[in-house]
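Enquirer: With the input below, show me the fold.
(one chain, ligands or ions: 1)
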Amino acid sequence: MGNQEVYLEVHDVSHRFSSTHTLFEHVNFTAEPGQMTALCGPSGSGKSTLLSIIAGWEIPLTGRIELCNISTVGWVFQNPYGVARRSVLDHVVFPLLAQGKTRKDAQAQAYDVLQRFSLEEVAERQFSDLSGGEAQRLMLARAVCVHPDLLLVDEPTAQLDMSTAHSVNSVLRELSGQGMVVIIATHDADTRNACDCVINLADFLPHEDEDE
Ligand SMILES: Nc1ncnc2c1ncn2[C@@H]1O[C@H](COP(=O)(O)OP(=O)(O)OP(=O)(O)O)[C@@H](O)[C@H]1O
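Expert: Next up, the predicted model:
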């Protein structure tokens, strides 16, 4: 049927910045479509850094990332950013227009995604008027609307109440089930429980004698 193998492999990755000690070392894992992976660990343990390494924005000190048949990557940052005067709808419509969709199709698809993140009622509201949690969910909606092969998410539920967080975790689960590789940096136990695989960076601390 011509099914292509799709996966992400983290091979023996270690990292430190010039101003930090070694954050983690010998990190190894594989992630596939349909599988949701949580990156956990205390604040400052390097969760966002590992996401940046996976995205290719940061070069690891050692090791490498292998992306097999992954061509599109969606990234949702910890702090929501958007265009202050643009509507919620526009934020989701624009990436679809950039993909070549007609305005009509883009708008229909955008409404559908907004609904999944319970944002349909604020579709016409401008970004600057959103609550922190709404803005956070909009960033997720914008990232997933174009169906990236790999979705990297930094703390998706940090600004959400328990029930909204639970619903966001379910949508992420559903998306991963539809063939996305999903990696989530999180402190949230509910998000962690929704994942198939948990990488705890506390388990990858350097051995003391190796880190001066
Ligand atoms: N570009 C950088 N240059 C130097 N140090 C950095 C850089 N980015 C992050 N750090 C440092 O690396 C460490 C890990 O940061 P990172 O943001 O990856 O941690 P985190 O586990 O995601 O934390 P949190 O849970 O608080 O978001 C921190 O001590 C941070 O100050």
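
Enquirer: For the longest helix seen in the chain, name the packing helices and strands.
Expert: Secondary structure of the chain read by DSSP state H shows that its longest helix is helix 162-177. Secondary-structure packing of helix 162-177 (3 or more Cβ pairs under 8 Å, 6 or more residues apart in numbering; DSSP states H and E): strand 36-40, helix 132-144, strand 150-154, strand 181-185, helix 189-194. C-betas here are computed from N, CA, C, even on glycine.

Enquirer: most packed of these?
Expert: strand 181-185 (a mean of 26; mean count of other Cβ atoms under 10 Å).

Enquirer: any idea of the angle that one forms with strand 150-154?
Expert: Counting by axes from the mean of the first three to the mean of the last three Cα atoms, to 10 degrees, strand 181-185 points 10 degrees away from the direction of strand 150-154.

Enquirer: Flag every residue of this protein that's near the ligand.
Expert: Residues of the chain that fall close to the ligand, judged by Cβ under 6 Å from any ligand atom: 17, 19-20, 23, 41, 43-49, 185.

Enquirer: Got a PyMOL select line for the buried ones in the residues you listed?
Expert: Those of the residues of the chain next to the ligand that count as buried under 16 or more other Cβ atoms under 10 Å are selected in PyMOL with:
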select buried, resi 23+41+45+46+47+48+49+185
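
Enquirer: Including secondary structure and pLDDT, could the residues of the chain next to the ligand go into a markdown table?
Expert: Shown next, in a markdown table, are those (DSSP: H, G, I helix; E, B strand; the rest coil; pLDDT from 0 to 100):
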| residue | secondary structure | pLDDT |
| --- | --- | --- |
| Phe17 | coil | 97 |
| Ser19 | coil | 94 |
| Thr20 | coil | 94 |
| Leu23 | coil | 97 |
| Gly41 | coil | 95 |
| Ser43 | coil | 93 |
| Gly44 | coil | 94 |
| Ser45 | coil | 95 |
| Gly46 | coil | 96 |
| Lys47 | helix | 97 |
| Ser48 | helix | 96 |
| Thr49 | helix | 97 |
| Ala185 | strand | 96 |
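
Enquirer: Tell me which two in the residues of the chain next to the ligand are the farthest apart.
Expert: For the residues of the chain next to the ligand, the farthest-apart pair by Cβ to Cβ is Ser19 and Ala185; their separation is 20.5 Å.

Enquirer: gap between Leu175 and Ser43?
Expert: 27 Å (Cβ to Cβ, to the nearest Å).

Enquirer: Repeat that for Phe17.
Expert: 16 Å.

Enquirer: and if you look at Ala185?
Expert: Distance from Ala185 to Ser43, counting by Cβ to Cβ: 11 Å.

Enquirer: try Ala202
Expert: With distances taken as Cβ to Cβ, Ala202 is found 11 Å from Ser43.

Enquirer: Grab the nearest non-local neighbour of Gln178.
Expert: Using Cβ to Cβ, 6 or more residues apart in numbering and skipping the chain neighbours, the partner closest in space to Gln178 is His147 (7.9 Å).

Enquirer: How about Gly56?
Expert: Leaving out its chain neighbours, the residue that sits closest to Gly56 by Cβ to Cβ, 6+ apart is Ile65, at 7.2 Å.

Enquirer: The one you found contacts Ser52, correct?
Expert: No: if you go by Cβ atoms under 8 Å, Ile65 and Ser52 don't touch, sitting 10.7 Å apart.
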